[in-house]
Each structure stands twice: as structure tokens, then as C-alpha cells.
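need the 3D shape of this:
(2 chains)
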There are 2 protein chains.
Amino acid sequence: MRAEILSIGTEILLGHITDTNAPYLAQFLSELGIDLFFISQVGDNQGRVTATLQRAWDRAEVIITTGGLGPTEDDVTREAICALLGETPTVDEAYLAELQTFFMKRMGHFPLSNTKQAWIIPSATMLANPIGTAPGWYVQRDGRVIISMPGVPREMKKMWEEQALPQLRALAGGATLFTRILRVAGLGESPIEERLGELIHSTNPTVATYAKNDAVDVRISAKAATHAEAESLVAPVEARARELLGRHVFGIDKATLPGAVGELLHPSGWQLATMESCTGGLLASYITDQPGSSDHMRGGIVTYATDLKTRYGVPQEVIDQHGVISDATALAMARAVRDACGAQVGLSTTGNAGPDTQENKPVGEVHIAVVSPKGEVVRRLNLRGERGEIKHRAALAALDLLRLHLLGDV
Amino acid sequence: MRAEILSIGTEILLGHITDTNAPYLAQFLSELGIDLFFISQVGDNQGRVTATLQRAWDRAEVIITTGGLGPTEDDVTREAICALLGETPTVDEAYLAELQTFFMKRMGHFPLSNTKQAWIIPSATMLANPIGTAPGWYVQRDGRVIISMPGVPREMKKMWEEQALPQLRALAGGATLFTRILRVAGLGESPIEERLGELIHSTNPTVATYAKNDAVDVRISAKAATHAEAESLVAPVEARARELLGRHVFGIDKATLPGAVGELLHPSGWQLATMESCTGGLLASYITDQPGSSDHMRGGIVTYATDLKTRYGVPQEVIDQHGVISDATALAMARAVRDACGAQVGLSTTGNAGPDTQENKPVGEVHIAVVSPKGEVVRRLNLRGERGEIKHRAALAALDLLRLHLLGDV
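A predicted model of the protein is given here:
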């Protein structure tokens, strides 16, 4: 089965917005085993939209459009579908009444132009839009399907996942897809693929890596007639991948590093505190991004000025002897902040985030340390990138060091 | 003049990456006054790439492609252009020698497959790639231009801005474009457009708003025969826009809020310190994102646990009487952190970032305060969004409050 995606909206062609709808939908099609050969972006012009639809109709069985379903003259997707199919729209009176009630409540009157959002054609059924006014269409004719959804990503995604996707999945053979994501820290994509070896080439389940901002995802997806069957195809591959990746796997699916750390701290009741130099508060911010982090996070001190480090407990002689950017200072900071914040676990970062050399230490040299009732550990990192990336990578590395320490590995 | 963009790469069709090259290029075309009616994404398939190129050739004068210039069999852009034009490639010996030297140095041998990166055809000139191995092509024939560039955004952007864009600008009439961006804080896009009124509809310069992550940009662009002329067209409109937006304009072009705050602190030599509750370190992190921030940033305390607030100087009775999420506590935090960190200026945040109600205060209620030798100011905010967005908006609002305070406005 072949599909084609059409993203409609002049703002895309002017470069005002980036079309994120197409890649979102493309991922699902790939998982459903539907071939996607073309994506097109077209402006709000009925002739051009109709022509592009016609071409898609000639070479694909599934056409997915987003955008152009608003109430204004610029919104031409419905008109283009009518022109393509030679069908004449009628007004769905029940939906029109709903729309009228909605607008009366919100604006005190019903803009007549909105009537076209209640249009329907013989080949189409409505896709409801519970969080917007523009419903979509699910069109079936001549062995082809057109799925038309709004361009607003939030509205589109809800309509897609709850209404369009289940219908398309049934059409694609009713196969169920089960996906397990292993979240991996401390390894890049290439070394992960090397470790996974032949698994990367398996076909059902498929195994693929995706570099995300906070970790690398290893995605294991199986297709089968039932959910249970798909799950049982994934299970042995997941087990094997976990063997190959070891403790680098910090969680599954939507897990985050700060969440994993929180879960490891929970049983002991230990409280965490941070002392940050080069990450400037970002480490504490990542920890507190996690809802419920107040259960294990006491707080932190950003000791950007060197004398604040000594004010909050780092011995002056350590700094004099080893410099601010050193293992010794990182350790002293982690020790100091436990007392300063009344915690059991101290976590610290000190280093050079750039752009200039500091204390003769190159940009990207960062030292991170953990101190807990289990012991102490410190690491020196050589990170690449701009200032913001170095801060980001240093904060993630500190979280991962803490995780491995709590697991008893370091 | 009409243009068409073709983004080539199977990873786009699989949804593994989002095509950001097309919107980047689209912005330039719009500024050059070149009409862009279609963008297409096609996989690494020679037949489909050639067919899509053929269609673009039939309906546009300028065709821009990205991707498919690598050395492997999957990379088919050169082949597709040759097929379209019926031209046979030859090897550019000088460039081949360069490539061979490069690979010998880096890998100790020259992979033969890379030879095709030195291909050239009669209608094309090379676009050099100083940061990668794949050069681009600038093809001119039959009154049409094809600009072919690599898919890696960093390589593509450099090639585009330094080599392709100047040629295309000359082709589009040699007009020079001058753009001034006004960076605006504390107002959303709609109120900004309301204030700008008729300016939004002016044609040369054009005036448009773009919501960015950290501010709204008002972009004023004029086209003229010379740079000086374009600048003089922008100047009066910029002056008028500044009148209408007042102190909401915090800088131009690449300015940031933390940078603007740093510049305002500089003349006085005042040092800054932060005490954060709900933003959890993000405010300090934003301040320290700015290179050179150690000149004015002492550091900060993340008082996530309530008793850390009192430990670092917030009077217990203020918390008992007003609660943690209150103007009084925000002010007390800003006062306390000046002493705790030895600064002249204290900046604080306290509030509920969600997901649950706290102290009977709704998600999104945040109090921010500034204390300086100039006086004190506190604000209550009602922010929308998820936890991460609330933290982000609270930190930006605190920075903007500090900016207005340093300007003497609040």
C-alpha cells in the first residue's frame, strides 16, 4: 500500500513555520508498513492543491492532508477534494447546530463563513475535532482513502491517533504494532549499533536507534495479528538488547534520566543537593523538571563566582592547590553542598563551558562528582560543542554518574 | 520568478528526521521576492527524483535541491540531474586530487565510490563545500537554474549563504535586502500586531512578526538597489515601530534577554544573585547561557525545599503569614539572596509549576521579585502550559522584570 502526504498552507511556503505534521505522520506510516514515496507542501491555492491531490490520487492508495480546513476563503482543502471527486458538498445540520452553539457561547454571534466547516460530501465521513472547530474528513472511494485533518498539530494529532489511525490500521491489514523503546545513556548511536550487531538487521521486530536530545532511543517494533503476539515477538529481542547494552539502559518508553534518578533515590529516602559551576543551574533545573521531584530534591547552589564556593564550604586550599576546574574541587563541592543544603547525596559540576580557555583548561573540560553514604566518585569529561551544548551534556553526564553510583556500579 | 524546493532523502520519508532545510530556504526566497509554490520531499530513488525534478523544471525557473550528494549508491541527485538534462558527467581532476588528499590524510586510503563527488557536467559549476566532502552544483540552462546542495544543514547553509545566494540575488535583479529585527519581550504576537497597526501591511519595507522561543521578533525588511538605500528605507519604519512598542523592545537582531540584562548591569558594576523555587535553577541557567556572564552573575540558590528558604535568610514568619507562593515570600527571597551571595541585585521566583495545586494556589501562579539599590518590585503571574513551559515563562518574565527595573520603569 502506498501513501502520500500533502501539507497545505502558504505560511509553510513562506518559511514562517516548519512542517512538523508530515514527519509525525510519516513515522506512523512506516510502522504500519505503508510505503510513503512523496511528501508535498502546497500553498492555499485551490488550483495547486487540486492538481497535487490529483497526482497523489493517481499514484497512491492513501492520501493524508493537513491544513486548509479553517473557515476563511484561504482554506481550500474541502473545495479541492470536491473538485477532485466531482462531488457537491451539503451542510451537516447536526454539526452546524453544534458549531453555532459553540460560537454563540464564545463570541455572541455565529460568523457565517464558518458554515463551511459543517460541509460534508457523499464519499466522506466526519472526523470529529473535540479541541477545535474544524472537523476532518475520512473519504473512501474507488479503492482509495483521503484523510483530511486540520493543520494545528495539537488538533491533528488527537484526530489522527483517536480516529484516523485506527481506521487506517484496519485497512492496512488489521495488524497490531507493539513498540518497546529502550532509553540509553552514556553511549552514542554508533557504539550502540555496534553493540547491537545483527539485531539492527532483524525484520520483525525491527530494531532502530534514534538520537534524542536527552538520550538515544532503541526502538523495537513488531507487527502481528494480535497485541499479545506482537509483544511476544518483541520480548526476546528486548532481552537480548538489554544484555548487549547493560546498565546503559536507564528506562523504557517515556522514561527520563531525572526520573530514573528519582526512582533510585526513593527507597532509601536520601535527599539530593547540587553545587554547580559551569552548568549554571541547568542540572538543578533538569532534576526539577520531573513532577514530584520535591520528594528527593532539597535544592542547590550555583556558585558561579569562585568565592561563593568557599563561602558554601569548599576549602580554599583545595582551590589554591588544584584550581577550580579539577577533580578535587568537584569532589569538595559535592561534599560541601550536602551540608549546605542538609542532604545525603551531593552532586557537582565544575568546568569550562566556553567560549574561552580558563585556568589553562580547554573549552569542554568538565569535572563531575557524586558523594553519598555509599561513597564518592568523580569523573573528568571532554565535551564538544557550543556553550549551551556543553552545559547540557555536562548536566546529563552528572545525572548518569549519579544513576550508576546509586546502582552500585561506580 | 518562480522557485521550487526538493528535499531528497529516504530518512525524511520514514519520519526519522524533520526537513528543516526547506523552511530555511523558503524564508530567503520570500525575502528575494521569488514565488515558491511547491516544496517536495522525495526518497533516495533515481526515478522518483528525476520525475519530480522534471515537473519542477516544467513549472519553475529556479529549482533548489538538498540531499543526495553523498558518495553511496543511495545518493542519486547528480544522476537525476544528468538524466533530466541528458548530460554526461566528467570527473573534475583538480577536485578529485583535493578529495584524495583529504581522504588519505584522514583514513589512509581513498574510497573509490567517492569519485562521484568530483563529477561535473557542462551546464554546471561547482559550489565548494569547505566543511564537507560533497560539493554542490550551480546549473544554468534554458533560462533555468538548479542549485544542488548537501542535505547536512550546516554544510548546506554555509554553501547557500556564501555562494548560491549571491548568485541567485544577482539573478533576481541584484536588489539588496536589509533586515532589522526588533526583539520584543512581554507582549504576544497579537498585541504586537495591534500596536503596529498599518505598519504590518507596508510593502517595502515589509514588517512581520515571528514568535520565537525566548521573545517575539519583529522583522523589518527592505529591498533596494544598494545597501545604503535599503537601510534608509528601514530606518523610519524601525523608528515608528520602536515608538509603538516602547520599552518592550529589548534589543536588535541576535540580542537575548540575559544579554540585555548583562549590558544594563555593566555600567553600575552591580552583581546579580538569584533565589529560585519553581524555576528550579532554570533562571540562573539562562543568565549563565550568556558568555561573559561571570562579570555580573555571582550565582544563585535553588531553595526547592521550603526550609532551605529560611536557612538562606527568608524570615520564617513571612512564610507562615503569607505562604511560600506569595508576593511577600518572593520579595523576602530576593532580599535574602543578596546577602547570601554578596550581590547588589537579588532576583527571585516562587510559584506552582504544576502538575498539582499547592497551598491552594493554581498551577501557573508564580511570583517574581527584584531588589536592587534602586528599590524593590514584585509581580504575580498567571502562566499557562505544562510544567516545563511554566518554568520557561517564569524565568523569562523574571529577566524582563529585572530589565525594566534597571531601566527605571518599574
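
CA atoms for contacts and neighbours, from now on please.
OK.

would you check that my belief about residue A:250 contacting residue A:184 is correct?
Yes. Under the criterion of Cα atoms under 8 Å, residue A:250 makes contact with residue A:184 at 5.9 Å.

neighbour count for these two, which is higher?
Remark: of residue A:250 and residue A:184, residue A:184 carries more neighbours, 28 against 21, as counted by other Cα atoms under 10 Å in any protein chain shown.

that one and residue A:244 touch, don't they?
No. Under the criterion of Cα under 8 Å, residue A:184 makes no contact with residue A:244, lying 11.6 Å away.

same for the helix or strand of chain A with the lowest mean pLDDT, what does it pack against?
Every helix and strand in chain A was compared by mean pLDDT, DSSP states H and E; the lowest is strand A:206-211, with a mean of 82. Applying 3 or more Cα pairs under 8 Å, 6 or more residues apart in numbering or on different chains; DSSP states H and E, we find strand A:206-211 packed against helix A:189-196, strand A:216-224.

re earlier: which residues do residue A:184 and residue A:244 both contact?
Common neighbours of residue A:184 and residue A:244, using Cα atoms under 8 Å, 6 or more residues apart in numbering or on different chains, do not exist here.

show me which residues of the least confident helix or strand of chain A are buried.
Buried residues in strand A:206-211, counted by 16 or more other Cα atoms under 10 Å in any protein chain shown: A:206-210.

chain center to that strand: distance?
14 Å (Cα atoms, centre = their mean, to the nearest Å).

now do stretch A:370-388
26 Å.

pLDDT of that stretch, averaged?
Here stretch A:370-388 scores 95 as its mean pLDDT.

ends of that stretch, what's the gap?
Distance across stretch A:370-388, first residue to last, is 23 Å (Cα to Cα, to the nearest Å).

that one close to chain B?
Yes. Counting by Cα under 8 Å from any Cα of the partner chain, chain B is contacted by stretch A:370-388 at A:387-388.

out of the helices and strands packed on strand A:206-211, which is closest to residue A:330?
Evaluated over the helices and strands packed on strand A:206-211, closeness to residue A:330 peaks at strand A:216-224, with 27.1 Å, by Cα to Cα.

mind telling me what element the residue in the stretch 51-200 of chain A positioned nearest to chain B is part of?
Closest approach between the stretch 51-200 of chain A and chain B, counting by Cα to the nearest Cα: residue A:52, at 9.4 Å. In this assignment (DSSP states H and E), residue A:52 forms part of helix A:46-59.

so which bits of that helix are buried?
Applying 16+ other Cα under 10 Å to helix A:46-59 flags A:46, A:49-50, A:52-54, A:56-57 as buried.

near chain B, which residues of the stretch 201-350 of chain A show up?
A:210, A:279-285, A:288-289, A:291, A:294, A:297-305, A:308, A:341.

and the buried residues of helix A:46-59 as a markdown table, adding pLDDT?
As requested, the buried residues of helix A:46-59 are exported to a markdown table (pLDDT from 0 to 100):
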| residue | pLDDT |
| --- | --- |
| A:46 | 96 |
| A:49 | 98 |
| A:50 | 98 |
| A:52 | 97 |
| A:53 | 98 |
| A:54 | 97 |
| A:56 | 97 |
| A:57 | 97 |
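
which one of the residues you listed is nearest residue A:234?
Once Cα to Cα is applied, the member of the buried residues of helix A:46-59 that ends up nearest residue A:234 is residue A:56, at 34.7 Å.

the closest one reaches residue A:63, doesn't it?
Yes. Between residue A:56 and residue A:63 there is a contact under Cα under 8 Å: 6.7 Å.

common neighbours of these two, please.
Residues touching both residue A:56 and residue A:63 by Cα under 8 Å, 6+ apart: residue A:4.

now for the residue nearest to residue A:365 when sequence neighbours are not counted: which residues touch it?
Spatially, and ignoring its direct neighbours in sequence, residue A:365 is nearest to residue A:382 (4.7 Å; Cα to Cα, 6 or more residues apart in numbering or on different chains). Counting by Cα under 8 Å, 6+ apart, residue A:382 touches A:364-366.

repeat for residue A:370
A:331, A:334, A:345-348, A:376-378, A:401-402, A:405.

filter those down to the buried ones and hand me the ChimeraX line.
Burial among the contacts of residue A:370 is assessed by 16+ other Cα under 10 Å; the matching ChimeraX selection reads:
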select /A:331,334,345,346,347,348,376,377,378,401,402,405
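
including secondary structure and distance to residue A:265, could the contacts of residue A:370 go into TSV?
Below are the contacts of residue A:370 laid out as TSV (DSSP: H, G, I helix; E, B strand; the rest coil; distance: Cα to Cα, whole Å):
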residue	secondary structure	distance to residue A:265
A:331	helix	20
A:334	helix	16
A:345	strand	9
A:346	strand	12
A:347	strand	13
A:348	strand	17
A:376	strand	16
A:377	strand	17
A:378	strand	19
A:401	helix	13
A:402	helix	10
A:405	helix	11
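
residue B:2: which of the contacts of residue A:370 is nearest?
Using Cα to Cα, those come closest to residue B:2 at residue A:401, 54.4 Å.

wait, residue A:333 sits on residue A:315?
No. The criterion here is Cα under 8 Å, and residue A:333 misses it with residue A:315 at 9.1 Å.

neighbour-wise, which of the two wins?
residue A:333 (32 against 15).

separation between the more buried one and chain B?
Distance of residue A:333 to chain B, computed by Cα to the nearest Cα, to the nearest Å: 14 Å.

how about residue A:408?
Per Cα to the nearest Cα, residue A:408 is found 27 Å from chain B.

and that residue, that's in a strand?
No. According to DSSP: H, G, I helix; E, B strand; the rest coil, residue A:408 belongs to no strand; its state is coil.

what count of nearby residues applies to it?
Neighbours around residue A:408, by other Cα under 10 Å: 10.

then residue A:72?
Residue A:72 has 12 neighbouring residues, counting by other Cα under 10 Å.

quick check: which element contains it?
According to DSSP H and E, residue A:72 maps onto no helix or strand at all.

just residue A:265 next, same as before
According to DSSP H and E, residue A:265 maps onto helix A:257-265.

give the buried residues for that helix.
Neighbour-count burial for helix A:257-265 flags A:257-262, A:264-265 (criterion: 16+ other Cα under 10 Å).

strands of the stretch 1-150 of chain A, start to end?
Using DSSP state E, counting those that start in this stretch, the strands of the stretch 1-150 of chain A run over residues A:2-8, A:35-42, A:62-66, A:90-91, A:119-120, A:124-127, A:136-141, A:144-149.

what of the stretch 251-400 of chain A?
Under DSSP E, counting those that start in this stretch, the stretch 251-400 of chain A gives strands at A:272-276, A:297-302, A:345-351, A:365-372, A:375-382.

by contact count, what packs against the first one?
So the one you mean is strand A:272-276. Under the contact criterion of 3+ Cα pairs under 8 Å, 6+ apart, strand A:272-276 touches helix A:282-289, strand A:297-302, helix A:327-341, strand A:345-351.

ok, the contacts of residue A:370 vs residue A:131, which is closest?
Out of the contacts of residue A:370, the member with the shortest distance to residue A:131 (by Cα to Cα) is residue A:402, at 41.5 Å.

excluding its backbone neighbours, what's nearest the closest one?
With Cα to Cα, 6+ apart, the residue lying closest to residue A:402 is residue A:370, at 6.1 Å.

picking that back up, export the strands of the stretch 1-150 of chain A as JSON lines, with columns for mean pLDDT.
Below are the strands of the stretch 1-150 of chain A laid out as JSON lines (pLDDT from 0 to 100):
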{"stretch": "strand A:2-8", "mean pLDDT": "97"}
{"stretch": "strand A:35-42", "mean pLDDT": "96"}
{"stretch": "strand A:62-66", "mean pLDDT": "98"}
{"stretch": "strand A:90-91", "mean pLDDT": "96"}
{"stretch": "strand A:119-120", "mean pLDDT": "96"}
{"stretch": "strand A:124-127", "mean pLDDT": "96"}
{"stretch": "strand A:136-141", "mean pLDDT": "98"}
{"stretch": "strand A:144-149", "mean pLDDT": "98"}
